[in-house]
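[1] Need coordinates for the following:
(5 chains)
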Amino acid sequence: MVPEIYYITLSAILFTMGALGVLARRNALIIFMSVELMLNAANLAFVSFANTFQQLDGQIIVFFVIAVAAAEVAVGLALIVAIFRSKHSIDVDQMSNLKG
Amino acid sequence: MHLSETVNTGFFFLAPWIIFAPVVGLLVNIIFGGWFLKRSWGEAAVGTVASLASGIAFAVSALLAWSLSAAHGEVVVVPFAEWIHIGSLQLDWTFRVDTLSVTMMLAVSGVGTLIHIYAIGYMHEDVRFKKDEKRYQRFFVFMNLFITMMMLLVSSDSYLMLFVGWEGVGLCSFLLIGFWYDMDTLGRPSWANSNAANKAFIANRIGDFGFLIAGFIMFWAFGSFQFDEVFTQVGAIAPGIITAITLFMLVGVTGKSAQIPLYVWLPDAMAGPTPVSALIHAATMVTAGVYLVTRSAPLYSTVPAAQYVVALTGALTALFAATIAVGQYDIKKVLAYSTISQLGFMVAAVGMGAYVAGMFHLVTHAFFKALLFLSAGSVILGLERGHHHLSHHEGHQGHEGSHHEEVRRTEPVEVFDPGDMRNMGGLRKTMPVTFWLYVFGTLALAGIFPFAGFWSKDEILLDASLHYPDIYWILTLAAFLTAFYMGRQIWMVFFGEPRHEAAAHAEESKPIITIPLMVLAALALLGGGLNLPGAHTLGHWLEHTLGEIEVPEFSLMVAGVSTALALAAIGISWLVYGRNPLKAEQKDPLKKPLGFLFTGMENKWWVDEGYKWLILDNYVRLSKFLAEVIDWRFWHDWFHEKIIAGTYNWLSNIALNKYADQQGIDAFANGLGEWTKEVSASLRRVQNGFVRSYALSVLLGVVLILGYLLLK
Amino acid sequence: MKFFLEPLTLLTFFPLVGVLVLLFLPSDKKNLLRWTALVTSLVTFGISLWVLSMFNASNPDLQLATRYPWITVAGWNIEYHMAVDGLSILLVLLTTFLTPISILSTWAAVEERVKDFMLFFLLLEVGMTGVFLAQDLFLFYIFWEFTLVPMYFLIGIWGGPRRIYAALKFFLYTMAGSILMLLAILWLGIQQGSFSVPELIEMGGIPADIQLWLFLAFAAAFAIKVPMWPLHSWLPDAHVEAPTAGSVILAGVLLKMGTYGFIRFNLPLFPEAAIQAAPWMALLAVIGIIYGAAVSYAQQDAKKLVAYSSVSHLGFVMLGLFAMNPQGIQGGILQMVNHGLSTGALFLLVGMIYEQTHTRDLKVYGGLWKITPVFGSLMLIVALSSMGLPGLNGFVGEFTILLGAWGAGMDGGVLGSVLFAGFAAAGVIMAAVYILYMFQKMFLGPEGSIVEEVKKHGHALRDLNAREIITMVPLLVFIFWIGLYPKPFFALMAPAVDKLVVILQAAMH
Amino acid sequence: MTQLDFNTLLPLIVLTVWACALLIVDLFIPKAHKGWTAFLAVTGLALTLGLTLAQLGASGSGFSGMVILDGFSTFVNALLLMSGLLAIGLAYGYVKRMGLERGEFYTLTLFSLAGMMLMAQAADLVIVFLALELLSIPLYVLAAFARPKLDSEEAGLKYFLLGAFAAGFVVYGIALVYGATGSTALNAIVAAVTERSANLTLLTVGAALILVGFGFKVAAVPFHMWTPDVYQGAPTAVTAFMAAGAKIAGFAALLRVFSLAFPSLAADLTPVLWALSMLTMLVGNLLAISQTNIKRLLAYSSIAHAGYILMAFVPFGNQEVQSVSVAAGLFYLVAYALTNFGSWGVVIALEQKEGRGLEISDYAGLGRKYPALAAAMTIFMLSLTGIPPTLGLVGKFYLFRAVMAGGYTGLAVIGVLTSLISAYYYLRVVVTMYMREGEPEAMQESWLNLTWGLAAIVTVVFSFVPSGLFAWASQAVLKLF
Amino acid sequence: MTVDLILFLILALVSVATAAGMLLSRNAVYSALFLVLNFASIAVFYLLLGAPFIAMAQITVYAGAIMVLFLFVIMLLGAEQLARIKVLPWQRPLAIGLAAALVAETAYLLIVRAAPSAGIVPPAETVNTLGELQNLGMALFNQYLLPFEVTSVLLLVAMIGAIVLTKREKGERE
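    Here you go, the predicted model:
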């Protein structure tokens, strides 16, 4: 058995990388992908914990998270498409009309 | 009006009318005066009402005096109303009728009535010279108000009510000095008269401050302001406290009675119409200080040190003012300094404990100084008539005496000072009545036998010679100077040749003016009879109030010395001014021999300048500094605008470099310096519109929270 | 219905009737609006007289109480508790008295948005009356804060050129103080379990160190309102920019709310702290007296001069209150009324001349007494009252205050030094200096340039008209009345003050 | 699934079903008569509100302990539904005027409300997460509803990206909590802690991450930065809804989760909440000062008020004061929601096409031209400042008292000081309305007028009789702990 | 060192590397592909952890549907690469710094504080046998019925949202 802590460590690393992606990239799509990576990291933690506890609950939660991610993706991509139509760019740094 | 049952005989129930008669008079004149004045008899009516009001007060005073003597001089207290009752503070408005107060009442209302009558004529002309006939009414209102306040002062039964009158007469003094508030004494548009009025009020207030403090100490020591309650406890109170009370009271006295160091307002007070100078600034109000000390005799008598301070203040004032009087050219200024000097005599007298002598001199001085002032007024009017004659010969064809054709003048007319003795000369021919009246006054003031002044002054000197030799010498010197400057005045004004056209054309005054003067002249001559050595009428009268008073034996030595000195002084003045009368434009003959000394006298020893330099300028500077620098620039603009409002804005501008609003907010924001703007410009990017930065902020929050939770 | 007919409720909220009527009146019928407001305020004054007639002057306690539980959930104990006693009755009367006068003064001065003006004015009256009557801390705070709003509008809409700035400053500064008071009120509510002022006073027992903090928190609110030196910086701005009626009410009543607060809350609630703080408060008061007087003297703007004079006058009140003896406190209360009358009258008069000349610069005035004798005479009387001439109201107040302060400064007194009273008495001299200066610059001396200036615009300076005189007469009546026969006024407050003094005396030992 | 399960969630289910039905009905409503959709939505809300109020006093849990019904949830649900009604009242004329009138607007609003209500009833972290998404996703769409207006799209995208980012933290937090206790049910979590079989460190970190997510939703500093941009860019009617609804729901969940599941962490989390509250009050108020756009100003104001409400949660671990404090928080939420809708209503009344009428300077002269509107706005501004006679003052009074009773006097001091700062910018609006000259244009739409008028009246009237409301709030939190 | 561990390490390396690849790729398409790989590697972890159903879901829903959608949008928009502009010079270093801090905190959490779920006894009634699909289905429709239904509503809402956001109104510009 691989100790649980290994999985948690890995998940933490992936989560942090996801967060870094949100902060560091300008491409709205990549930012979005980074968010997905964060969710995945969380899922990994869930499954790992579920494994430790020998429970199904953790897995079921992951299932919901995946579904929510799908819903988010639908709306998010629609938003990105909509904004691309008006702005012809998906660079988030160019979307800074509103400030102050 | 509830009268105490203790008052069942005599006319004491009339006591309040000494105040209400003039109050009624002034109300009548306020309400109907304007209506009167539209009629030809209006001025007479206004004047009559006022004079009558004052006259009734005099009549009541006389009745009170009569009742009092019938009651063997026992103090009678007429309660009138409750005033302030707080805790142990029980202040009532009560009339005190005793020999001392009745004496004052008689003097005030008597002289006052005469001066009212005189003023009917005087003001008739004065308002025409100053071209504001409507002000006639106002004058008599103020005069009646003054009588009211003065009566309140002398009739009060407690220090506090006395203080009410005390401040009230100060107010009237202010109003009447500033009567011609829009001009100077020469009728030119100016701030001078109103400045003089302010000066009088404020100098008096400084004195009042002392009075107030004295009152505070007194109340917390004695538990009362009521005279009898205070006096009966004198023995039980530490002398230190009484010394403090008396000395603070002295400050009040120096203000009201124009003693060193607060006398400076009195000469300026001559800006008021002459009847005012006579009544308020010679005969009555300024003697209030003397009255106060006399009234407080039980207090002063227990603290010799304070007494000595009072006496010395009086004596020094007497001398100091006399020296200044010598160097003055204005006929009223001379009299003003003379008044200060004479007040010094009185204060010295009461300071020495010679209360009767002080009161005696107070009364006689009221007679002859009123006489002198009013006569001086007559002189001034005479000159003004003459001058009027000259300058308005074209517009006033009615004056048939305009035989003197002058070159055509353009307005404004030449500045002519009718009060300047250098413009006078030879008036005894044109104004003979006035001349003789003036001579009477002068002789009384100089202390020549048998005029009133001789007796009263002699009594003071006598007392001084017995107990306070140093004060005696100072006072004697002052008496010498008095005779000298009065002689100088007589020679300059009435003898020699006219030094100005106006003096040549001066006209004698009408009987309405001269008749009251004659009465006063008679009083100046006979006033000494009040308290002749041996009889001591006044002394015995006042004993009822002041208790047993030591009566020194008449000393021929003292009387002789002072009379001789006075005569000598008059002789010297003849040598200087009478033998070779002054010519127009000629400098004062004393200037050469006395040199710097005379310059000092001329310039009043620069006391006014000194005060201005030392106090006034500094106060103005301080208040400007406080107002403009401290309060406005530092506190309002810098601290409140920059620091408080500025910080406020700075904090908000950390995030933004926007300017919020126009005027209103900008006013807050304008205080911001360049520095804060730069800082805010560099920090404004936080809310920069970039979604990544916002995420950064979120992550920052996460890191900080986790850091805190894990590391704490 | 019974609730609304309780005398104090009726008194406080009656102006709302006027407000309602005004709301339904057309805004272009200016005179109708003015009369409505005037009549409302006069009726309110009448009600206050009715209250006075029911007031038992010999009873030191709160009277005519209206007391209903208000917010009582979850351990709250907030009441609608209105009552009056000797400490407040005069101030209530002052409020209802000055309001119609102020409204009358706006007849010609306010031409713009008359309806709004009257609305705010009547609302302000509700707030002010409420402040003096509320006996529950929460209720008090509501009224207290509420007064800010209409006054803010009065300054901000009808004020001078820098009105917005002044209005904001007024609002923010006064609010800055009152929020600290809010915290202290909350503390009392939590720790003592009551918001009722009389109950809290009875309860006592607040530890001395905490008392000091609470004292300071309350004092912050009140001292800014008074305003005590050095917190006075908002005052000249507010006064200079406010319309005349606003200045009158501001000086006449709103400032009194601060001094009233001290006497109603700070002294009885925190007696130990008050005694501890007394010398410091007296020091600030005396500095205020001297400083205000000196700064007044340097002003060229008549209104600003009067505004600074308030700093000086209110210093006297504070000195009296913290003398903590009957003379000082009674004098202080009377002086509050006096200041309301005299300074109110001064503002009215300055406003009246301003309406004609549109300037308050003293430099351009001069010699007006000749042209406007009635005006000059009234101004003189008011000025004399303001500087404390005996026989007029100002003296009675100032004298008793100084007497009290002197007594409190002697051995065993709470102030510890007679110098406070001494310096304050010197302030009396300085008062004469600046008041006479103003009077001289306006009415004495040669004719100022403004006379010609006004003539150039086609109409000469006129004397006061009948309406203006009617506005002034009631004030003058009281100026003389209090000056000559203050006994009834002292009689109203004496028992209540004695009660307060007993509390303070007990705390001293 | 039993009858009981159904009962606990009845209003929510009715609302969801109604929303789904409305989606279909809307297809058959012609474009010219979209008002019917609004009407139907309002009917649904009113029905739901009736059902919610019928649940007063009822309690229970359902769906295997996933949801809970208690006084608290009923209170919050009622408040949310009222907000929904007000939001539609504001939106009705606005969407028509701005050319946004599509049926989906109302259905999305209803779905979002369903998410919010679920949030208030959630008893399991899974439900909390799903409810969070259910309320957020419609809001993302609504924020961008005015597309192709760039501002609106930008607002939608910003809200979405940051919302998803924050949701990531929530999920990870839930994972850690699960790892720490072996369950996501709130009562199981607290049971695990009491049985000392939980990894407290992990639990703390998980709770902190969940806090971040909610902090984002309620716009607490430093998770607030989306707020002004999104509030400004989103259609104003949406902003109003977002500002009230999302905040209410966020606080409800925060309250439920923290007081139910994490009371043991109070010692650790209280300083964090303290700091969040303080920072939120400070930053919100300070940044509001220099705003010139009324929407941004109100956005910062809503941040600031989040700080005030957070104050109520600072003493959540203190048994003695928590109920009073949370009740005060609920009361404040009501006051805030009312004034919030009122002030946004006024903003909507003045907003013109192309974003004109949104600068504060556009309000000049309002007092003269539209006295009632200006008076209402003044009341809202005073209420937000906390000046009597408004509900805002009563709310602050309760709040500060609770906080001081909890021993956080320092926080109360910051609270009052920032109130003072806030007076400055709220008054600026009043200044502009009354003391500057201008010719503003305002819409006079009956529903809109009704909404802000009602809000103004209630704000004033309830300040005189706040007892009932507060009693309800106190009652609501009684069984929570 | 067991096989499990070796496998884990290799997969961990892969997942971290693919994540890094996604982060660092300039081209969005590469990023998406890296992410697919990452998801796949995580799916393998799920298998290792005894969650085959989740692993399948991961592959089909995530790596399959979602990422395809991503790629589709990237292609559709032609937005593989962004112009090189530097707007926020301090953003990236700060981000890296914060990430480092986060890692450090996590490390501290995992290493210094007690190991995660050691000694945690999960609530008894939720214990299920892992891996049995039937159990999972039962749980989903019994205990987790409400979340399931909510998820369905959520997906419906997302659908409406997507339509609202992208549907062209009449007269809307291209």
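[2] ok, residues contacting stretch D:13-29?
    D:6, D:34, D:36-37, D:40-41, D:44-45, D:47-48, D:51, D:103-104, D:106-107, D:110-111, D:113-114, D:117, E:153, E:156, E:160 (CB atoms under 8 Å, 6 or more residues apart in numbering or on different chains). C-betas here are computed from N, CA, C, even on glycine.
[3] PyMOL command for the buried members of those?
    The buried subset of the contacts of stretch D:13-29, as determined by 16 or more other CB atoms under 10 Å in any protein chain shown, is captured in PyMOL by this line:
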select buried, (chain D and resi 34+37+40+41+44+45+48+51+103+104+106+107+110+111+113+114+117) or (chain E and resi 153+156+160)
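[4] burial of B:Glu548, as a residue count?
    6 (other CB atoms under 10 Å in any protein chain shown).
[5] Confirm that it sits in a strand.
    No: assigned with DSSP: H, G, I helix; E, B strand; the rest coil, B:Glu548 falls outside any strand and is coil.
[6] which residue ranges form the strands in the stretch 351-500 of chain B?
    Read by DSSP state E, counting those that start in this stretch, the stretch 351-500 of chain B holds no strands at all.
[7] Which stretches in it count as helices?
    B:355-391, B:427-430, B:432-446, B:452-467, B:469-494 (DSSP state H, counting those that start in this stretch).
[8] would CSV of those helices with distance to chain C and mean pLDDT be doable?
    Formatted as CSV, these follow (distance: least, CB to the nearest CB, whole Å; pLDDT from 0 to 100):
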stretch, distance to chain C, mean pLDDT
helix B:355-391, 21, 86
helix B:427-430, 32, 84
helix B:432-446, 31, 89
helix B:452-467, 32, 87
helix B:469-494, 30, 89
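[9] any chance you could map the helices in the chain?
    Going with chain A. A:4-24, A:28-53, A:57-87 (DSSP state H).
[10] Correction: the question concerned chain E.
    E:3-24, E:28-48, E:52-57, E:67-77, E:91-107, E:133-141, E:145-166.
[11] Would you mind saying which of those helices lies nearest chain C?
    helix E:145-166 (33.8 Å; CB to the nearest CB).
[12] chain center to that closest one: distance?
    Counting by CA atoms, centre = their mean, to the nearest Å, helix E:145-166 is centred 19 Å from the centre of its parent chain.
[13] Specify the angle between it and helix E:133-141 in degrees.
    Counting by axes from the mean of the first three to the mean of the last three CA atoms, to 10 degrees, helix E:145-166 points 70 degrees away from the direction of helix E:133-141.
[14] ok so, going back, same list, the helices of the stretch 351-500 of chain B, but as CSV with mean neighbour count and distance to D:Leu176 please.
    Listed next are these as CSV, based on neighbours: other CB atoms under 10 Å in any protein chain shown; distance: least, CB to CB, whole Å:
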stretch, mean neighbour count, distance to D:Leu176
helix B:355-391, 28, 103
helix B:427-430, 19, 117
helix B:432-446, 24, 111
helix B:452-467, 26, 106
helix B:469-494, 24, 103
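[15] how about these in CSV, adding distance to A:Ile31?
    Formatted as CSV, the helices of the stretch 351-500 of chain B follow (distance: least, CB to CB, whole Å):
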stretch, distance to A:Ile31
helix B:355-391, 101
helix B:427-430, 112
helix B:432-446, 109
helix B:452-467, 109
helix B:469-494, 104
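[16] what's the closest of those helices to chain A?
    Of those, nearest to chain A by CB to the nearest CB is helix B:355-391, at 78.5 Å.
[17] what's the closest non-adjacent residue to the residue nearest the centre of chain E?
    Nearest residue to the geometric centre of chain E (CA atoms, centre = their mean): E:Phe39, 6.7 Å. Using CB to CB, 6 or more residues apart in numbering or on different chains and skipping the chain neighbours, the partner closest in space to E:Phe39 is E:Ala63 (4.2 Å).
[18] Identify the residues contacting the residue nearest to the centre of chain E.
    A:40, E:58-59, E:62-63, E:67 are the contacts of E:Phe39 under CB under 8 Å, 6+ apart.
[19] What pLDDT is listed against residue 62?
    Since you didn't name a chain, this refers to chain A. Predicted confidence (pLDDT) for A:Val62: 92.
[20] other chain: chain B
    91.
[21] What about it, how many residues nearby?
    16.
[22] what does the one 10 residues further on give?
    Using other CB under 10 Å, B:His72 is surrounded by 7 other residues.
[23] Likewise for A:Arg25?
    27.
[24] C:Phe316 - that's part of a helix, no?
    Yes: using three-state DSSP, the assignment for C:Phe316 is a helix.
[25] In CSV, could you pull the C-alpha coordinates for the longest strand along chain C?
    When chain C is parsed with DSSP state E, its longest strand is strand C:63-71. What follows is strand C:63-71, C-alpha atoms only, in CSV (Å, rounded to 0.1, in the frame of the first residue of the first chain):
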residue,chain,number,x,y,z
GLN,C,63,-41.6,64.6,35.9
LEU,C,64,-44.4,64.2,33.5
ALA,C,65,-42.8,61.0,32.5
THR,C,66,-44.0,59.0,29.6
ARG,C,67,-42.6,55.5,29.8
TYR,C,68,-43.3,52.6,27.7
PRO,C,69,-41.2,49.5,27.0
TRP,C,70,-40.0,49.8,23.5
ILE,C,71,-37.5,47.1,22.6
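[26] buried set for it?
    Buried, per 16+ other CB under 10 Å, within strand C:63-71: C:63-66, C:70-71.
[27] Now do it: everything it contacts.
    C:3, C:6-9, C:51, C:54-56, C:77-85, C:135-136, C:138-139, D:466-467, D:470.
[28] mind listing what's buried in the very next helix or strand once past it?
    Counting by DSSP states H and E, the element after strand C:63-71 in chain order, helix or strand, is strand C:78-84. Using 16+ other CB under 10 Å as the burial criterion, the residues of strand C:78-84 that qualify are C:78-84.
[29] swap in stretch C:202-210?
    Those would be C:204, C:206, for stretch C:202-210 by 16+ other CB under 10 Å.
[30] centre of the chain versus it, how much separation?
    29 Å.
[31] Also stretch C:30-50?
    20 Å.
[32] Flag the shaky bits of chain A, pLDDT-wise.
    Chain A contains residues with pLDDT under 70 at A:1, A:100.
[33] got it, and chain E?
    In chain E, residues with pLDDT under 70: E:1, E:79-80, E:84-88, E:113-132, E:169-174.
[34] Quick check: the residue nearest to E:Phe39 touching E:Ala43?
    Yes: contact between E:Ala63 and E:Ala43 holds when scored by CB atoms under 8 Å: they sit 7.0 Å apart.
[35] for the residue nearest to E:Phe39, what are its contacts?
    E:36, E:39-40, E:43.
[36] Let me have the residues you listed in TSV, extended by distance to C:Val382.
    Converted to TSV, those look like this (distance: CB to CB, whole Å):
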residue	distance to C:Val382
E:Val36	91
E:Phe39	89
E:Ala40	94
E:Ala43	93
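[37] Which one of those is nearest to chain D?
    E:Phe39 (15.5 Å).
[38] Confirm C:Trp213 sits in a helix?
    Yes: when three-state DSSP is applied, C:Trp213 is found to be in a helix.
[39] out of the helices of the stretch 351-500 of chain B, nearest to B:Ala627?
    With respect to B:Ala627, and counting by CB to CB, the nearest of the helices of the stretch 351-500 of chain B is helix B:355-391 at 41.0 Å.
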